[in-house]
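Trainee: structure of the sequence below:
(chains A and B)
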Amino acid sequence: MARAKKPQSRVFRHGQSHDERWLHFYRQMLKIRLFEEEVNQLYLGAKMPGLAHLYIGQEAVAVGVCEALRRDDYITSTHRGHGHCIAKGAALDRMFAELLGKEAGYCRGKGGSMHIADQETGNLGANAIVGGSAGIATGAAMSAKMRGSDQVAVCFFGDGALGQGLLYEAMNMAALWQLPVIYVCENNQYNEYTHYRETTAGELTARAEAFGIRTESFDGQDVRAVHAAALTAADRARRGAGPSFLLCNTYRFHGHHVGDIDRAYYRSKAEEEEWKTRRDPIALFAAWLEKNKLADRIALAALEHELSTEMKSAVNFALQAKYPDRDEVRQHVYA
Amino acid sequence: MDRQIRRSPSIGQSLREITFAQAINEALAEEMRRDPTVFIIGEDVAEAGTPFKVLSGLVKEFGAARVIDSPISEAGIAGLGVGAAMTGMRPVVDIMFGDFITLTMDQLVNQAAKIHYMSGGKLKVPLVLRTTLGASRRSAAQHSQSLHAWVSHIPGLKVAVPATPYDAKGLLKSAVRDDNPVVFFEDKMMYQLKGSVPAEEYLIPLGVADVKRPGKDITLVATSSMVQVALAAAQALASDRISAEVVDVRTTSPLDKQTLIESARKTSRAIVIDEGYQGYGVTAEIAAIIAEGAFYYLDAPVRRIGAMDVPVPFSPVLEDQTVPTPEKVVTVAKALCNRI
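Mentor: Coordinates of the predicted model:
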């Protein structure tokens, strides 16, 4: 079988300095933040059908991990997946179009917020079944190994997926067969409306360690920490050293979905404020950039302005895009 | 392709008598030789060749990297199959007993069946999931069910229920080459059934029914091993001068509605025979299609004979009552033809 053409690594792009790379990380995180804020506005303005699960607060995970991957590496995502899609390279206009059910969307409007897939960037799709993509990501890794392609597969999932048996079946096989897969657990503290400590016994990392999988646990609000761990995991996977499990401790700033406004019954305002004011991954990274003289406040504000303009134009594209033809309802049931 | 060639081995081909199990084995071996992306994964599929010995010898030819013994993790291997299928491979997932497909349901129903549609036609899942159906092995309630209706219900899945070695081989080869997920049911009780199979390569398309025996008084529509039951009933009915036409659907999805309706219009009576539970089952769907499509041609209500709606019991005296038999088909057919 023909080997996939190896694109140049995004990690060591020729001619790009480390400083530029960190600014690119910042840009990607901010892009996700602004995208999600726009999604919330679309919901509040009744312009978006259905609901969406915002990634705000967790941006460092998607960006830190995806920046350690090649374009042809695979990811599988979750119901809270917009961040993963953007971090892997999805275009904003087609993202918005999908969220609005338009033909120009990544899935011709057939998938919506929870099912964005983009073959071009290795995104095998977001999954609305919690833990449902553990098998798909692990199978993609098995396929990569069988084809000798040296691609890596990343399975993004939340703390809630730790309750699903499929994940353990898949991790067992990944460890047995040393598959090039990285399990990225984003512990945003809540299984929907329930704190993970009420649902999850023992230490979270112990669950992967039981299979002999190398695990790492770190601050998921620190994009550099996430990236360092992801680089190590991707490198190991690529050279045949098997799977890794990365536990990223993070926080969902908004509710479970855009309509989850009254949250006092499951978490306190004080807790939310603590994370938003002291543990915001974008603010933390901006401070680090400034401290290290990689960017000043004016440059970051200019970047935000540029992204806001880009965002508005992408939203307008989606708002004006056409819906799919009605007779498309029966298309694509079978290949 | 003309209907005659689809139906049975043609004159001029070099026919051999092989078993249903050998037909399955040959189909997989040929497809694995033809396409390096085809591989098998399942419990005890390699050296053991499955408990039914259907895959014997394949690991010797293709090696353990392509005939992969898995842990006892039905959901997991189905999931790995979906992911591998989406990324350039053609996995054949072996689920030992049809009862165990209940463990794979999320991966089949929510993932495999929907990925092509949800992605707007971009992603494909060329996966085959082979499993078994059929009672009468004294295996009790968790190793005897025929659950093909479960997956036939789901848009996006194809479902094959072959009745002869010839059909099994041709359909399985098509299933492996299909770009959609195909669930392939083999009746455990038919593995030793022999039939004529050409030495030359052939394919049978998914979605084309086969008239296994032509007749004019009544149509017996059947699936999987119930085709053999229907053929035995047709033989018995012939001695009562009732000419029964036996239609084998071969795949429940896609379903060849046209052939079913044409046959019922011709004979004006129909019985549907299937080993799945009768309630909300394959017999109900097919009976409704015939009733809708042939109503003005029918001289009697369409009758259904499915498995009894009870968990399959262990004791032979109980179990044998639960599955359709030629005797029961004969009795119902005679009643419909006013011969009782």
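Trainee: which residues does residue 85 contact?
Mentor: Since you didn't name a chain, this refers to chain A. A:Ser77, A:Met95, A:Tyr106, A:Ile116, A:Asp118, A:Thr121, A:Asn123, A:Ala126 (Cβ atoms under 8 Å, 6 or more residues apart in numbering or on different chains). (Each C-beta comes from the backbone N, C-alpha and C, glycine too.)
Trainee: actually, chain B is the one I wanted.
Mentor: A:Gly139, B:Pro91, B:Ala112, B:Lys124, B:Val125, B:Pro126, B:Leu127, B:Pro181.
Trainee: ok, A:Gly242 next?
Mentor: A:Gly242 neighbours (Cβ under 8 Å, 6+ apart): A:Ala174, A:Ala175, A:Gln178, A:Leu179, A:Pro180, A:Ile213, A:Arg214, A:Arg236.
Trainee: got JSON lines for those, with neighbour count too?
Mentor: Below are the contacts of A:Gly242 laid out as JSON lines (neighbours: other Cβ atoms under 10 Å in any protein chain shown):
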{"residue": "A:Ala174", "neighbour count": "32"}
{"residue": "A:Ala175", "neighbour count": "19"}
{"residue": "A:Gln178", "neighbour count": "15"}
{"residue": "A:Leu179", "neighbour count": "27"}
{"residue": "A:Pro180", "neighbour count": "30"}
{"residue": "A:Ile213", "neighbour count": "19"}
{"residue": "A:Arg214", "neighbour count": "16"}
{"residue": "A:Arg236", "neighbour count": "18"}
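Trainee: that older thread, of the contacts of A:Cys85, just say which sits nearest to A:Val154.
Mentor: Ranked by distance to A:Val154 (Cβ to Cβ), those are led by A:Ser77 at 9.2 Å.
Trainee: sorry, back to before: so of the contacts of A:Gly242, which ones are in helices?
Mentor: Among the contacts of A:Gly242, DSSP state H puts A:Ala174, A:Ala175, A:Arg236 in helices.
Trainee: most neighbours, which of the contacts of B:Ala85?
Mentor: A:Gly139 (37 neighbours; other Cβ atoms under 10 Å in any protein chain shown).
Trainee: do you know how far it is from B:Lys114?
Mentor: 16 Å (Cβ to Cβ, to the nearest Å).
Trainee: and the residue of the stretch 151-300 of chain B nearest chain A?
Mentor: Among all residues of the stretch 151-300 of chain B, B:Asp179 sits closest to chain A, at 3.9 Å; criterion: Cβ to the nearest Cβ.
Trainee: wait, that residue sits on A:Ala335?
Mentor: Yes. Contact criterion Cβ atoms under 8 Å: B:Asp179 and A:Ala335 qualify, at 3.9 Å.
Trainee: secondary structure element holding B:Val247?
Mentor: Assigning secondary structure by DSSP states H and E places B:Val247 in strand B:244-248.
Trainee: can you show me the CA trace of that strand as PDB?
Mentor: Extracted in PDB, the C-alpha atoms of strand B:244-248 (Å, rounded to 0.1, in the frame of the first residue of the first chain):
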ATOM      1  CA  ALA B 244     -44.800 -23.200  -3.500                       C
ATOM      2  CA  GLU B 245     -42.400 -20.500  -4.600                       C
ATOM      3  CA  VAL B 246     -39.400 -20.000  -2.300                       C
ATOM      4  CA  VAL B 247     -37.900 -16.500  -2.300                       C
ATOM      5  CA  ASP B 248     -34.700 -16.000  -0.400                       C
END
